[in-house]
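> Structure for this input, please:
(one chain, ligands or ions: 1)
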Amino acid sequence: MREKLEQLAEEMTGELAGIKDLGSLESFEVEKLGRKSEFNALLKGLGALSPEERKTVGMRANELKGKIQAALEAKKAELSSAAAGALAETEWIDVTVPGIRPPRGHLHLTSQAIAEITAIFRRIGFTRVRHPEVDWDWYAFESLNMPGDHPARDEWETFFMDAPPDAKLGKMVLTPHTSNGQVREMEKKVLPIRMINISKCYRRQIDVSHVPMFHQFEGLLIDRKVSVTHLKGVLDHFARSFFGPDRVTRLRPFHFRFTEPSFEVDISCGICGGTGRLEGGAKCRLCKEGWLELGGAGMVHPNVLKAGGIDPEEWGGFAFGWGVERTKAMQSGVRIDDIRVLYKSDFRFLRQF
Ligand code: PHE
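This next block holds a predicted model:
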């Protein structure tokens, strides 16, 4: 029995030395020293020995068990500190590493466009002004050569205010275009005029290229001896500055009641270079035959000058009015195919810019 004990103890010591992790050490302890272990079973057999033998073998057994337990504790300590060391290797934090920057916000695309447009016109002597966004029929229509029952008004799908009309100025409206600023600017009685009026406008419309509340920028220049050539020069300056140095504008005959002659302004397409065709000969899908529509323009009608108290014999000028969102959507690098996203507060969209 004594030999058996010695042999078991030796095996256990050898096995213990080979253990490399705390989990195996734990199962070792249960298996080899626990109640159901072989070692324990042997000890139970002590009772069958003579008192003399029981004493010596018992003492030796306790000694062996004590040694193994001590070795086990030492192993446990060794493995625990190794585990802590390994954790320190993999889980360390370098507090000096620069953090991840949160994404920075930016101005709304419409605000960006307003700032860009203002700066471009300021360079050629235009001053940004604001005029009412809720205004009288007189400024939005009547003074612009559009009498009360004129069908031309239908184009401006107007919201009328539920407010008492003014005897002279008519009903109150949410301005459907920034042209209400023309006569208001003339009423300041400071000539010549170089105005850029950027404001909110409202129309009863909604689809991929229209929202009920949008923005327009309206240029008005009144001076002596102003011709269409000046208008074309200003428009080309804008096209080059806003869209790129190789872009030009084209004037197409059109009709507005408040300008004569009137034009629709197009800009050469930045994708096909104004040819309407892509490199392989395929049709450009962005434009119509090489041109994109920007908006209206024309030479200020004499009746509008008169409504603003200006003598059309001495003074003349031009005006143009375009959508801010539409113009921004056509800038290269922006390319928005549904204008409504601008007012949906969808951060996935806004983050693209
Ligand atoms: N006000 C016109 C519109 O909203 C555009 C325009 C402005 C046309 C100035 C000519 C001159 O469609």
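> taking the mean pLDDT, what do you get for the lengthiest helix in the chain?
In the chain, taking DSSP state H as the definition, the longest helix is helix 51-90. If you average the pLDDT over helix 51-90, you get 87.
> which strands and helices sit next to it?
Packing partners of helix 51-90 (3 or more C-beta pairs under 8 Å, 6 or more residues apart in numbering; DSSP states H and E): helix 2-18, helix 22-28, helix 38-44. C-betas here are computed from N, CA, C, even on glycine.
> buried residues in that helix?
Val57, Ala61, Leu64, Lys65, Ile68, Leu72, Lys75, Leu79 (16 or more other C-beta atoms under 10 Å).
> Tabulate these in JSON lines, adding columns for distance to Lys36.
What follows is those, written out as JSON lines (distance: C-beta to C-beta, whole Å):
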{"residue": "Val57", "distance to Lys36": "21"}
{"residue": "Ala61", "distance to Lys36": "17"}
{"residue": "Leu64", "distance to Lys36": "18"}
{"residue": "Lys65", "distance to Lys36": "15"}
{"residue": "Ile68", "distance to Lys36": "16"}
{"residue": "Leu72", "distance to Lys36": "17"}
{"residue": "Lys75", "distance to Lys36": "21"}
{"residue": "Leu79", "distance to Lys36": "24"}
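> Close to the ligand: what parts of the stretch 201-350 of the chain are there?
Selection of the stretch 201-350 of the chain residues close to the ligand by C-beta under 6 Å from any ligand atom yields Glu218, Phe256, Thr259, Gly295, Gly296, Ala297, Gly298, Ala319, Phe320, Gly321.
> The stretch 51-200 of the chain too?
Residues of the stretch 51-200 of the chain lying near the ligand (C-beta under 6 Å from any ligand atom): His177, Ser179.
> Which residue ranges of the stretch 51-200 of the chain form strands?
127-129, 134-136, 159-160, 172-174, 193-202 (DSSP state E, counting those that start in this stretch).
> Can you add mean pLDDT, mean neighbour count and distance to Gly308 and give the ones you listed back as CSV?
Below are those laid out as CSV (pLDDT from 0 to 100; neighbours: other C-beta atoms under 10 Å; distance: least, C-beta to C-beta, whole Å):
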stretch, mean pLDDT, mean neighbour count, distance to Gly308
strand 127-129, 98, 15, 14
strand 134-136, 98, 19, 14
strand 159-160, 96, 14, 24
strand 172-174, 98, 20, 19
strand 193-202, 98, 21, 9
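> right, and the ones you listed - which one's nearest Lys36?
Of all the strands of the stretch 51-200 of the chain, strand 193-202 sits nearest to Lys36, with 85.8 Å by C-beta to C-beta.
> Could you give the secondary structure assignment for the closest residue to Ile124 other than its chain neighbours?
Computed as C-beta to C-beta, 6 or more residues apart in numbering, the closest residue to Ile124 that is not its neighbour in sequence is His237, at 6.0 Å. Classification of His237 using DSSP: H, G, I helix; E, B strand; the rest coil returns helix.
> Determine the number of other residues adjacent to His237.
Residues contacting His237 under the criterion other C-beta atoms under 10 Å number 15.
> Please name the nearest non-neighbouring residue to Tyr343.
Closest to Tyr343 by C-beta to C-beta, 6+ apart is Val211, at 5.9 Å.
> and if you look at Phe242?
Nearest to Phe242 is Ile120, by C-beta to C-beta, 6+ apart, at 6.0 Å.
> Surely the one you found is in contact with Ser241?
Yes - taking C-beta atoms under 8 Å as the contact criterion, Ile120 and Ser241 are neighbours in contact, 4.4 Å apart.
> In the stretch 1-150 of the chain, what residue lies closest to the ligand?
Leu144 (8.1 Å; C-beta to the nearest ligand atom).
> Let me see the ranges of the strands in the stretch 251-353 of the chain.
Under DSSP E, counting those that start in this stretch, the stretch 251-353 of the chain gives strands at 259-268, 291-300, 316-323.
> Tell me how far the shortest one lies from the chain's centre.
On the basis of C-alpha atoms, centre = their mean, to the nearest Å, strand 316-323 is displaced by 32 Å from the centre of the chain it belongs to.
> Which residues does that strand contact?
177-179, 182, 193, 214-226, 228, 230-231, 234-235, 258-259, 265, 294-300, 305 (C-beta atoms under 8 Å, 6 or more residues apart in numbering).
> and the residue lying closest to Leu286 once chain neighbours are set aside, backbone torsions?
Distances taken as C-beta to C-beta, 6+ apart put Ile271 closest to Leu286, at 4.8 Å, once the chain neighbours are dropped. When read as degrees, to the nearest 10, the backbone of Ile271 gives phi -80, psi -50.
> and Ile271, how many neighbours does it have?
16.
> distance of it from the ligand?
Distance, Ile271 to the ligand, using C-beta to the nearest ligand atom, to the nearest Å: 25 Å.
> picking up where we left off before, can you count the residues close to the residue of the stretch 1-150 of the chain closest to the ligand?
25.
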